[in-house]
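**Student:** only the shape, not the letters, is given here:
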């Protein structure tokens, strides 16, 4: 029963993150997508939601995992920091290795 409850909570969280997928808001009429440059914070957020965004991008051609119009190194650093914190980073791999040995 606990596994089913955990799975349902995980699905609700993933659905909530999917609602936050990045993209242009046509309501505010952004004048030029090329003028909008993503920085560190946008990279961090895109890294957090990258697993969900990847799944959505498989079914929707307008959704992309990585922001093309970014400011370079700071966006990359934020993206990698965000995705590694969601996927466990290096510490998660070391902990799983210790579990297998014992």
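**Tutor:** All right, it came through fine. These numbers come from a predicted model, not from an experiment.
**Student:** not including adjacent chain positions, what is the nearest residue to residue 57?
**Tutor:** residue 63 (4.6 Å; C-beta to C-beta, 6 or more residues apart in numbering). Glycine gets a C-beta too; all of them are placed from N, C-alpha and C.
**Student:** quick one: the one you found from residue 2, how far?
**Tutor:** 33 Å (C-beta to C-beta, to the nearest Å).
**Student:** so which of the two has more stuff around it?
**Tutor:** Using other C-beta atoms under 10 Å, the more surrounded residue of residue 63 and residue 2 is residue 63, with 17 against 6.
**Student:** how far away is that one from residue 55?
**Tutor:** Going from residue 63 to residue 55 by C-beta to C-beta gives 10 Å.
**Student:** also residue 42?
**Tutor:** Counting by C-beta to C-beta - residue 42 and residue 55 are separated by 20 Å.
**Student:** again with residue 74
**Tutor:** Taken as C-beta to C-beta, the span from residue 74 to residue 55 is 26 Å.
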